[in-house]
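Engineer: only geometry, no sequence info:
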DNA sequence: AATTCGGGGTT
DNA sequence: AACCCAGAATT
């Protein structure tokens, strides 16, 4: 959960998640949909799928226990070099370095590392430094201290160098340019995407949701039937096309295609994508009988069921519009 | 080596 | 708005 996500944001998710899946065994035995539901809202959903797959891997290959060999631990889905070092140094006080956003900042300033950290060459230098500075005595606590120093003293902007225990040896402070490290990397560009979504309601208030593809953005999560608007295309026409698709593949009454009511625009911004979703509403008289399936692609969902579903924030916004 | 993955808090 | 976050996997 903490991969690229702040501690303060993670804590409530962590508490709920461990209440639901208290052990590796429980997580390994769970359905992926339930894991995604517990994760929904947190983002970077591949982490959830990796964690689930990783639990099963640990169950099958390591008797449900955390392997202490760095190579074996690193072979588990979702566990990279940082997480290997974090787990083994914190839990078993093994001398393995860590390199997260905080440590990158501290080391970059301490040694005036010239080069953006998103480049492989710079990464190599930083990992080398992270290992060089790591003592043999209590390396786990040292790693923890390095991160906390970055989080509380050596902050991204306005570092409190006067209160820093490393001020005597900091090259950045000596050169009075500490805050110019780490060097800025490439900034990712934003793609603007216009979409339509259809809120199809039954008389009892349930709405139709579909599962997104297993790969790419928001994998396997739920949203209203939607489509991407092409350049110069009219949203209303595309919404009718989405309905036509539902009629074709879902056996719905064909007349709903003509009863679309535009009900507003939902905006959602991801870090690398901005979605503008035109929401249309239509009424369905009855839900077609659906075949039983352990992993359905469509569901009629009541509002009270939202929390049992992997509903990403973007979907939630459009539904609640 | 570069891109792709969310979402929210801070500046 | 831009930046950043207890990164990892994929392309």
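Structural biologist: Structure received. As the structure is a computational prediction, the values presented were derived from the model and not from experiment.
Engineer: hey, where'd the strands end up in the stretch 51-200 of chain A?
Structural biologist: Taking DSSP state E, counting those that start in this stretch, the strands of the stretch 51-200 of chain A run over residues A:191-201.
Engineer: the residue nearest the centre of chain A and residue A:228: what is the separation?
Structural biologist: Centroid check for chain A by C-alpha atoms, centre = their mean gives residue A:44 as the closest residue, at 1.4 Å. Note on residue A:44: its distance to residue A:228, by C-beta to C-beta, to the nearest Å, is 22 Å. Where C-beta positions appear, they are placed from N, C-alpha and C, glycine not excepted.
Engineer: so the residue nearest to the centre of chain A touches residue A:5, yeah?
Structural biologist: Yes - using C-beta atoms under 8 Å, residue A:44 makes contact with residue A:5 at a distance of 7.2 Å.
Engineer: ok, residue A:205 - contacts?
Structural biologist: For residue A:205, the contact set (C-beta atoms under 8 Å, 6 or more residues apart in numbering) comprises A:302-303.
Engineer: okay, it: pLDDT?
Structural biologist: Here, the pLDDT recorded for residue A:205 equals 92.
Engineer: now it, what's its secondary structure?
Structural biologist: At residue A:205, secondary structure determined by DSSP: H, G, I helix; E, B strand; the rest coil is coil.
Engineer: who in chain A is up against DNA strand C?
Structural biologist: Proximity of chain A to DNA strand C is confined to A:2-7, A:44, A:46-47, A:50, A:77-84, A:86, A:100-102, A:104-105, A:144, A:147, A:150-151, A:156, A:184, A:187, A:215, A:271 under the rule C-beta under 7 Å from any atom of the strand.
Engineer: try it again with 6 Å
Structural biologist: With the criterion set to C-beta under 6 Å from any atom of the strand, chain A comes near DNA strand C through A:2-7, A:44, A:50, A:77-83, A:100-102, A:105, A:144, A:147, A:151, A:156, A:184, A:187, A:271.
Engineer: right, and residue A:154 touches residue A:106 too?
Structural biologist: Yes - with contact defined as C-beta under 8 Å, residue A:154 and residue A:106 form a contacting pair (4.9 Å).
Engineer: and the residue lying closest to residue A:79 once chain neighbours are set aside, what is it in contact with?
Structural biologist: Taking C-beta to C-beta, 6 or more residues apart in numbering as the measure, residue A:79 lies nearest to residue A:73, with 5.9 Å between them; neighbours along the chain are not counted. Contacts were defined as C-beta under 8 Å, 6+ apart; by that measure residue A:73 touches A:66-67, A:79, A:84, A:87-88.
Engineer: report the contact partners of the residue nearest to the centre of chain A.
Structural biologist: Applying C-beta under 8 Å, 6+ apart, one finds that residue A:44 lies in contact with A:3-5.
Engineer: which among those count as buried?
Structural biologist: Buried residues within the contacts of residue A:44, counting neighbours by 16 or more other C-beta atoms under 10 Å: none.
Engineer: export those as TSV, with columns for secondary structure, pLDDT and distance to DNA strand B.
Structural biologist: Shown next, in TSV, are the contacts of residue A:44 (DSSP: H, G, I helix; E, B strand; the rest coil; pLDDT from 0 to 100; distance: C-beta to the nearest atom of the strand, whole Å):
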residue	secondary structure	pLDDT	distance to DNA strand B
A:3	coil	97	8
A:4	coil	97	4
A:5	coil	97	3
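Engineer: can you put the residues you listed in TSV and add distance to residue A:307?
Structural biologist: Below are the contacts of residue A:44 laid out as TSV (distance: C-beta to C-beta, whole Å):
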residue	distance to residue A:307
A:3	24
A:4	24
A:5	20
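Engineer: so which of those residues comes closest to residue A:174?
Structural biologist: residue A:4 (31.5 Å; C-beta to C-beta).
Engineer: how about that closest one, nearest residue that isn't a chain neighbour?
Structural biologist: With C-beta to C-beta, 6+ apart as the criterion, residue A:4 has its nearest non-adjacent residue at 6.4 Å, and that residue is residue A:44.
Engineer: now residue A:64
Structural biologist: Of all residues not flanking residue A:64 in the chain, residue A:24 sits nearest, at 4.9 Å (C-beta to C-beta, 6+ apart).
Engineer: where does the stretch 151-300 of chain A dip in pLDDT?
Structural biologist: Within the stretch 151-300 of chain A, the stretches falling below the threshold (pLDDT under 70) are A:254-255, A:257-258, A:289-292, A:294.
Engineer: all helices of it, in order?
Structural biologist: With DSSP state H, counting those that start in this stretch as the definition, the stretch 151-300 of chain A shows helices at residue ranges A:171-174, A:235-250.
Engineer: and the first one, what other elements does it pack with?
Structural biologist: With contacts defined as 3 or more C-beta pairs under 8 Å, 6 or more residues apart in numbering; DSSP states H and E, helix A:171-174 has these neighbours: helix A:101-110.
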